[in-house]
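# Kindly return the folded structure for what I paste below:
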Amino acid sequence: QVRLVESGGGLGQAGASLRLSCTASDDSFRVSTVGWFRQAPGKEREFVSGVTSTGGNTDYVDSVKGRFTISRDLASNTVHLQMNSLKPEDTAVYFCAAKLTLSRRVHTNSRDYDYWGQGTQVTVSA
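Numbers count the residues shown, from 1 in each chain. Reported below is the predicted structural model:
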């Protein structure tokens, strides 16, 4: 069982930056694709970004390309999501998720993921 803990959420104004972190309790995290998803009130959970186990491949939803950057630190079992130029429409609860795989493809479907964190709130005001 892999336990994921997100941190770094909070409140910011449009244009601000926040960095989310997802830390895992188990070294199997190192052989996992990690994804960030978000869910706004009344909306379905959507894929935001993901990174493969080696960090060699990443993917982003179009709405965050050029503003968000995902990275992973294998030594500390942590994946970061740097969010710049935040917009009010980025407001959501952000979840990190892990899928045990060595695939070079980032999975964008939430149903493919094995473990989930509890979520962290990001609120961006206009």
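# what's the neighbour count on the spatially closest residue to Trp116 that is not a sequence neighbour?
Once flanking residues are discounted, Trp116 sits nearest to Ala97: 4.9 Å by C-beta to C-beta, 6 or more residues apart in numbering. C-beta: built from backbone N, CA, C; applies to glycine. Other residues within reach of Ala97, judged by other C-beta atoms under 10 Å, total 23.
# Tell me which residues touch Ala97, please.
The neighbours of Ala97, taking C-beta atoms under 8 Å, 6 or more residues apart in numbering as the test, are 4, 34-37, 110, 113-117.
# Quick check, pLDDT for Gly50.
Listed pLDDT for Gly50 reads 98.
# All further residue positions should be reported with the first residue as 14.
In the new numbering, first residue 14, that becomes Gly63.
# Based on its surroundings, how many neighbours for it?
25.
# Spell out which helix or strand contains it, please.
Element membership of Gly63 [criterion: DSSP states H and E] is strand 59-64.
# Remind me what that strand packs against, helices and strands.
strand 45-52, strand 71-73, strand 81-86, strand 91-96 (3 or more C-beta pairs under 8 Å, 6 or more residues apart in numbering; DSSP states H and E).
# ok, 6 Å please
Contact here means 3 or more C-beta pairs under 6 Å, 6 or more residues apart in numbering; DSSP states H and E; on that basis strand 59-64 packs against strand 45-52, strand 71-73, strand 81-86.
# Which among those strands is found nearest to Ala105?
Comparing the helices and strands packed on strand 59-64 against Ala105 with C-beta to C-beta, the closest turns out to be strand 45-52 (3.7 Å).
# can you pull up the bridge partners for the spatially most central residue of the chain?
Centroid-nearest residue in the chain, with C-alpha atoms, centre = their mean: Trp49, separated by 2.3 Å. Assessed by DSSP bridges, Trp49 has beta-bridge partners Ser62, Cys109.
# Please determine how far it is located from Arg118.
Taking C-beta to C-beta, to the nearest Å as the measure, Trp49 falls 16 Å from Arg118.
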